[in-house]
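Chemist: Quick one: sequence plus predicted model below, questions after.
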Amino acid sequence: MRILFVWTGVTSYMADCWRELRRMDGVELKVIVEQTPSGSDFAAAEVLRDLDYLLVGPPTSSFQPSAFDFQPDAIFAGGWRSRNTRRVLSAFPNVPKVFCLDMPWRPSLRCVLARWVLRPFLRQFRRIYVPGEWTARYARWLGFAPGRIDRKLYSVRFDRFEGFDRRERKGFLYLGRFAPEKRTDLLVKAFARYRELGGTWTFDLYGAGDAIPLPSSLFPLPSVHPFVQPDELPQVYRDHACLLMASAFDPWPLVVLEATAAGLSVIASDHCGNGEELGARRVPFGDVETMAREMLKVELEWTKGGARPSAGLANSFAKEYDCAAWAKRTMEIARCLGV
């Protein structure tokens, strides 16, 4: 079976999934990846190494699907706003297609109107592939029947993160972009309050973007580090005990899944779309005091040898969210297309 993936943004987790899919018997895989600003910090050639891929420029580029001779039996495509994605789909009008979407339902005019504005575009897809329940709700609103909605679009290689020694790990971690919607300012405030309450751990932030303002009155200050390439991630997780997320809007942050796989505890705002699914400690968005007190509880849990639920969660989710399981699931979806 010849499968074509059309994706926007260079992402290491999808590259790992594609490699697993390519290893399956009878699969010939081609990947078209549009370079976007959000993925520009990744070394694309390294992330996509040994895949049959085509890296194209932004939507205004002159890419034409006729430039390659791959004739797919099935197409999985995301990025409906991308002109490149639309060009590829138009080039293969008779090939069965699956829409990949991670946008959750929100009570906004844009989401409401999408049901009608996107109808001509969505009509060409036989199924829709989503990360979890938040996006499944949106898929139903867009007109996809429950039987045409497939979950667990995102997966990671659990073997990269399993087996870490948990005995000596401590400290809090943030991994992601330093963007306004990530609300790292709330994390810094929560850390300051946590220290006032008697907390002793440190806090490391890894990412790319605008500098994070740190209050001069806080001691010790959180440590801010550059963006981390995929090969360095396991060691970063190995050195910490708890991931912090305070996002105002985060549909399905992969970092929560990675942290869970690595055995970390996770504290996340209730605006993170996968916190409940992955067993995170959820706090109301913007509630600095509650987050600080949850941080204290996590420190006590780790230092006093109490129950550590995230370790059990990592094991229980391994079969569902591992890349190998994703490859099998994706093949089943392709077969449902009648290919």
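Modeler: Yes, it's here.

Chemist: Show me which parts of stretch 235-253 are buried, residue by residue.
Modeler: Using 16 or more other Cβ atoms under 10 Å as the test for burial, stretch 235-253 gives 236-238, 240-247, 250-253. Yep, even glycine has a C-beta here, placed from its N, CA and C like the rest.

Chemist: Just list the residues touching residue 54, thanks.
Modeler: 30-33, 68 (Cβ atoms under 8 Å, 6 or more residues apart in numbering).

Chemist: again, but for residue 221
Modeler: residue 214.

Chemist: thinking again about what came up before, want to throw the contacts of residue 54 into a markdown table with neighbour count and pLDDT?
Modeler: Converted to a markdown table, those look like this (neighbours: other Cβ atoms under 10 Å; pLDDT from 0 to 100):
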| residue | neighbour count | pLDDT |
| --- | --- | --- |
| 30 | 20 | 94 |
| 31 | 21 | 94 |
| 32 | 23 | 92 |
| 33 | 25 | 91 |
| 68 | 15 | 66 |
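
Chemist: Please flag which of those sit within strands.
Modeler: By the criterion of DSSP state E, membership of these in strands covers 30-33.

Chemist: which one among the residues you listed gets closest to residue 73?
Modeler: Relative to residue 73, the closest of the ones in strands among the contacts of residue 54 is residue 30; by Cβ to Cβ it sits at 11.1 Å.

Chemist: and residue 335, how many neighbours?
Modeler: 11 (other Cβ atoms under 10 Å).

Chemist: Identify, from the contacts of residue 54, the entry nearest to residue 195.
Modeler: residue 33 (42.3 Å).

Chemist: My guess is the closest one contacts residue 12. True?
Modeler: No. With contacts counted by Cβ atoms under 8 Å, residue 33 stays clear of residue 12, the gap being 11.7 Å.

Chemist: The buried residues of stretch 235-253: which two are farthest apart?
Modeler: Across the buried residues of stretch 235-253 (Cβ to Cβ), the longest gap, 27.1 Å, separates 238 and 251.

Chemist: Show the low-confidence segments of the chain, by residue range.
Modeler: Within the chain, the segments meeting pLDDT under 70 span 37-42, 58-68, 163-167, 211, 216, 218-219, 305-318, 339.

Chemist: which one in it is furthest away from the centre?
Modeler: Distance from the C-alpha centroid of the chain peaks at residue 217, with 34.2 Å (Cα atoms, centre = their mean).

Chemist: and the gap between it and residue 196?
Modeler: Separation of residue 217 from residue 196 (Cβ to Cβ, to the nearest Å): 11 Å.
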